[in-house]
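J.: With the sequence up front, the predicted model follows.
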Amino acid sequence: KNFKKDGKPYNIYTDGLKIYTTIDSRMQQYAEESVYGHVAKFLQPAFNKANRNKKNAPFSGSLTLSQVRSILNRNMFQSERYRNMKAAGASDAEIRAAFNRPVDMTIFTYHGDIDTVMTPMDSIKYYKGFLRAGFMSMDPKTGAVKAYVGGLDYNHFMYDMVTGGRRQVGSTIKPFLYALAMENGFSPCDLVPNVQKTYMVAGRAWTPRNASHARYGQMVTLKWGLAQSNNWISAYLMSKLNPQQFVSTLHEFGIDNPDIHPSMSLCLGPCDVSVAEMVSAYSTFANHGIRTAPMFVSRIEDNEGNVIASFQPRMNEVISVESANKMLVLLQGVVDGGTASRLRYKYHMEGEICGKTGTTNKNSDAWFMGFTPQLVTGIWVGGEDRDIHFDNISMGQGATMALPIWAYFMKKIYRDKSLNYSSNATFELPDGFDPCSKQDADNDEFQIDEVYE
């Protein structure tokens with residue numbers, strides 16, 4: 001869009017341009033340390049130990065050997081080695097034989113690269129065993145992205161899990177459903193039945209499951225339902241709303257996946273969304289109803305210091321201020337007495353915090369979306385393939401896989417006084433605002449994050 005004085009386009013490598021990013025180098029360092037510290041030093045050793053006696057490792061024990069072989073073959077076809085041999089005229093039989101022949105190679109470990117002898121097919125399986133992660137943190141008011149971790153090691157895992165990859169979001173989709181409900185006249189203190197029901201979806205019966213039966217058969221508040229990530233209550237809400245309207249709402253929140261289709265089950269998060277889209281969407285709650293798109297570059301100067309381009313945040317109103325205020329109450333409830341309550345009792349996080357955990361079927365995807373008045377952060381952790389995951393939910397849930405990264409990051413942020421972030425910051429709700437002040441339905445018992453079904 002911009003050209004030099006002589007009318008020629010700029011060469012970003014040779015024309016001396018200065019490109020100013022929004023990334024804060026201190027916060028970037030804290031983000032990388034937090035992701036690495038939790039995934040590489042805690043989750044990965046635990047995952048390796050869990051896979052020690054599994055013949056299909058690192059894949060789920062529920063897969064057959066033929067299914068594992070099919071996945072590995074698909075990755076063989078996608079590899080550079082395969083493409084080079086194919087281009088050189090090698091037959092399929094020759095290529096397959098080469099992939100099963102031991103060769104000298106250097107492989108990645110968290111203790112440094114090592115030289116070894118391994119078949120190329122075994123190396124594919126070896127790299128599958130590393131858990132992956134994506135992390136992004138931004139200022140909800142300006143959209144300035146302060147920290148961005150697309151993966152744990154760029155040299156060996158170049159795929160960007162922040163903007164490049166999309167994974168199923170599970171329960172982290174529920175706040176958008178609740179926001180739609182608030183827009184349609186619901187309140188956090190509305191009572192709803194906590195029971196399992198069967199719904200007819202496209203002529204077929206659908207019965208959502210719930211990992212917890214706490215308070216079954218009771219009337220509970222929507223605040224309690226979101227805090228405990230209750231699937232039955234999400235399905236109840238969806239039955240009272242319009243699935244097509246929910247899809248439109250998701251798009252207004254900045255979720256651009258065109259393959260999201262209206263259905264009852266959409267309320268439990270089976271759709272694929274990127275970390276960047278989720279962070280932008282959650283900025284709506286922190287920003288009192290206004291969604292802010294991520295901004296990575298603030299300005300560009302030429303070699304003489306003249307500003308040739310400057311950038312402003314792109315915003316759009318998604319929900320009303322009143323609905324956003326209600327959502328702040330709901331999402332603080334997740335931290336103060338719900339699936340993210342370990343932020344309080346284990347990590348001793350103080351101040352006003354909103355959050356939502358997410359875990360998909362079989363623990364394939366673990367999420368945590370956490371925000372304060374000053375920062376919105378999204379984290380995804382999982383395997384390269386959906387069939388690579390912890391088989392037990394105590395380790396595989398979002399509260400174990402992703403939430404601790406947020407806690408470690410924010411503790412580092414608060415300790416660095418030069419950053420001017422404070423746990424004393426408030427969401428600036430109206431004085432005395434508490435739509436559930438007369439309800440006594442909160443339950444501080446910790447629940448596991450519900451997986452969708």
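T.: In hand now; what should we look at? These numbers come from a predicted model, not from an experiment. Numbering: from 1, shown residues only.

J.: Let me see the ranges of the strands in the stretch 201-350 of the chain.
T.: Assigned by DSSP state E, counting those that start in this stretch, the strands in the stretch 201-350 of the chain fall at 204-206, 219-221, 272-273, 290-292, 297-301, 307-310, 315-317.

J.: ok, the fifth one: who's next to it in the sheet?
T.: Paired neighbours of strand 297-301 in the sheet (DSSP bridges): strand 18-21 (antiparallel), strand 307-310 (antiparallel).

J.: can you give me the offset of that strand from its chain's centre?
T.: 28 Å (Cα atoms, centre = their mean, to the nearest Å).

J.: if we can go back for a sec, next, format the strands paired with strand 297-301 as CSV and append mean pLDDT.
T.: What follows is the strands paired with strand 297-301, written out as CSV (pLDDT from 0 to 100):
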stretch, mean pLDDT
strand 18-21, 96
strand 307-310, 94
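
J.: Leu268 and Met200: what is the separation?
T.: 17 Å (Cβ to Cβ, to the nearest Å). Any C-beta I mention is one placed from the backbone N, CA and C, and that applies to glycine too.

J.: next one: Arg215
T.: 26 Å.

J.: same thing with Asp6?
T.: Taken as Cβ to Cβ, the span from Asp6 to Met200 is 68 Å.

J.: Among those two, which residue is more densely surrounded?
T.: A count of neighbours by other Cβ atoms under 10 Å puts Met200 above the other of Asp6 and Met200, at 9 against 5.

J.: Okay, and the beta partners of the more buried one?
T.: The partner residues for Met200, given DSSP bridges, come to Ala205.

J.: Enumerate every residue touching Gly164.
T.: The contact partners of Gly164, by Cβ atoms under 8 Å, 6 or more residues apart in numbering, come to 150, 274.

J.: Kindly report the same for the one 4 residues further on.
T.: For Gln168, the set of contacting residues under the criterion of Cβ under 8 Å, 6+ apart consists of 269-272, 360, 364-365, 386.

J.: Just the ones of those in helices?
T.: Of these, none are assigned to helices by DSSP state H.

J.: Tabulate those residues (JSON lines), appending distance to Met295, neighbour count and pLDDT.
T.: What follows is these, written out as JSON lines (distance: Cβ to Cβ, whole Å; neighbours: other Cβ atoms under 10 Å; pLDDT from 0 to 100):
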{"residue": "Gly269", "distance to Met295": "27", "neighbour count": "26", "pLDDT": "94"}
{"residue": "Pro270", "distance to Met295": "30", "neighbour count": "18", "pLDDT": "94"}
{"residue": "Cys271", "distance to Met295": "25", "neighbour count": "21", "pLDDT": "95"}
{"residue": "Asp272", "distance to Met295": "24", "neighbour count": "16", "pLDDT": "96"}
{"residue": "Thr360", "distance to Met295": "29", "neighbour count": "25", "pLDDT": "95"}
{"residue": "Ser364", "distance to Met295": "31", "neighbour count": "21", "pLDDT": "96"}
{"residue": "Asp365", "distance to Met295": "26", "neighbour count": "27", "pLDDT": "97"}
{"residue": "Arg386", "distance to Met295": "31", "neighbour count": "16", "pLDDT": "94"}
